[in-house]
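# No sequence on hand, only this structure:
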């Protein structure tokens with residue numbers, strides 16, 4: 001290994017960076033699986049709302065000295081149940097229910113923060129995460145959350161797939177669309193809560209969506225897309241940590257920005273490959289020798 005590569009990878013020789021890499025990798029795997037369903041079902045707004053809906057629970061837990069992940073999880077669960085209740089009893093649309101609860105929970109979190117005497121550092125950690133502070137105990141929790149999330153996604157794959165294709169067909173086939181929807185909301189909640197420490201509430205949706213979007217350009221099979229999205233997410237964590245170390249930037253923001261950059265590069269690469277294939281087909285077509293190639297992207 002050359003001196004340059006050794007210098008670049010030097011941060012990974014430190015214990016706390018290794019824990020950040022493992023913890024972030026576990027989060028990336030969970031987000032890769034759950035994020036694929038989020039993209040397929042068009043539930044990005046729910047992920048964003050749950051990420052911010054954690055704020056009052058995390059703020060209260062911090063003020064009271066309780067575990068922040070417990071507070072965030074309880075707050076996210078309340079948010080999920082509230083959305084379901086508003087939609088069912090208030091006869092509101094799904095996005096309207098999410099929007100109302102989103103603003104209410106965010107406002108409550110800001111109220112709690114504004115009444116705390118010294119909350120600046122904690123608020124920064126809440127919003128942008130602190131992946132470098134992951135402990136060995138945190139790794140155990142993240143590993144458990146990842147196992148549970150991947151296991152639920154595998155167990156409910158058929159109902160979730162039927163729900164994505166046609167909820168009415170799922171009901172006819174007896175696959176329980178309501179149960180599948182509840183499982184999916186639970187998976188999103190689990191992914192958001194698990195990702196909180198790595199990238200914070202403001203950036204969690206980037207890690208949830210970007211790897212799935214990047215993977216979606218190269219495969220249409222959901223299991224393959226999940227695996228590829230997880231791999232992209234793990235790579236984004238590793239590259240983001242290196243960027244953060246050498247450029248002296250925030251680790252969580254660097255990870256989220258790297259994931260989004262990978263999504264952009266994936267889209268650009270797929271479009272360029274499509275244009276190249278189109279030019280080859282046009283050049284090889286009979287009777288078109290000497291004509292200008294038609295650059296028609298292939299999706």
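It's in. These numbers were taken from a predicted model, which means no experiment stands behind them.
# where do the helices sit along this protein?
3-9, 15-41, 44-53, 55-64, 68-89, 94-114, 120-128, 136-155, 157-165, 167-172, 177-216, 222-247, 251-284 (DSSP state H).
# can you give me how far the last one is from the chain middle?
If I follow you right, that is helix 251-284. In terms of Cα atoms, centre = their mean, to the nearest Å, the centre of helix 251-284 is set 19 Å apart from its chain centre.
# centroid residue for this structure?
residue 208 (0.9 Å; Cα atoms, centre = their mean).
# so what's that one up against?
Neighbouring residues of residue 208 by Cβ atoms under 8 Å, 6 or more residues apart in numbering: 31, 34, 35, 38, 47, 188, 191, 192, 195. The way it works is simple: take the backbone N, C-alpha and C, and place the C-beta from them, glycine included.
# and which of those is nearest to residue 105?
residue 192 (12.5 Å; Cβ to Cβ).
# Name the nearest residue to that closest one, sequence neighbours excluded.
Excluding the flanking residues, the one nearest residue 192 by Cβ to Cβ, 6 or more residues apart in numbering is residue 50, at 4.6 Å.
# And for that neighbour, the neighbour number?
Using other Cβ atoms under 10 Å, residue 50 is surrounded by 32 other residues.
# cool, and the one 10 residues further on?
Here the neighbour count serves as a burial measure; for residue 60 (other Cβ under 10 Å) it reads 19.
# Residue 71 is in contact with that one, correct?
Yes - using Cβ atoms under 8 Å, residue 60 is in contact with residue 71, at 5.6 Å.
# residue ranges with poor pLDDT in the chain?
Scanning the chain for pLDDT under 70 picks out 1-5, 87-92, 116-127, 169-170, 173-175, 197, 202, 285-299.
# change it to 90
Flagging of the chain using pLDDT under 90 yields the residue ranges 1-14, 40-135, 137-138, 141, 145, 156-208, 220, 249-253, 256, 273-299.
# hang on, the earlier thing: and the residue nearest to residue 192, how far is that from residue 17?
From residue 50 across to residue 17, the span is 29 Å (Cβ to Cβ, to the nearest Å).
# cool, residue 39 as well?
30 Å.
# swap in residue 32?
As for residue 32, its distance to residue 17 is 22 Å (criterion: Cβ to Cβ).
# Pick out whichever of the two has more residues nearby.
Set side by side, residue 32 and residue 17 show more neighbours around residue 32, with 27 against 20, by other Cβ under 10 Å.
# Isn't that one up against residue 230?
Yes - using Cβ under 8 Å as the test, residue 32 is close enough to residue 230 to be in contact (3.2 Å).
# can you list residues touching both of the two?
residue 211.
# Quick one: residues contacting residue 19.
Per Cβ under 8 Å, 6+ apart, neighbours of residue 19: 134, 135, 136, 138, 139.
# mind listing what's buried in stretch 249-259?
Buried residues in stretch 249-259, counted by 16 or more other Cβ atoms under 10 Å: 250, 251, 252, 253, 254, 255, 256, 257, 258, 259.
# I'd like to know how far the residue lying closest to residue 217 once chain neighbours are set aside sits from residue 194.
In space, residue 217 comes closest to residue 270 once its chain neighbours are excluded; the distance is 3.9 Å by Cβ to Cβ, 6+ apart. Applying Cβ to Cβ, the value for residue 270 to residue 194 is 29 Å.
# for residue 233, same thing?
The gap separating residue 233 from residue 194 is 12 Å, by Cβ to Cβ.
# ok, now residue 54?
11 Å.
# between the two, which one's more packed in?
More crowded of residue 54 and residue 194, by other Cβ under 10 Å: residue 54, with 33 against 27.
# if I pick the closest residue in space to that one that isn't next to it in sequence, what's in contact with it?
Using Cβ to Cβ, 6+ apart and skipping the chain neighbours, the partner closest in space to residue 54 is residue 72 (4.0 Å). Contact analysis of residue 72 by Cβ under 8 Å, 6+ apart lists 54, 57, 58, 61, 193, 196.
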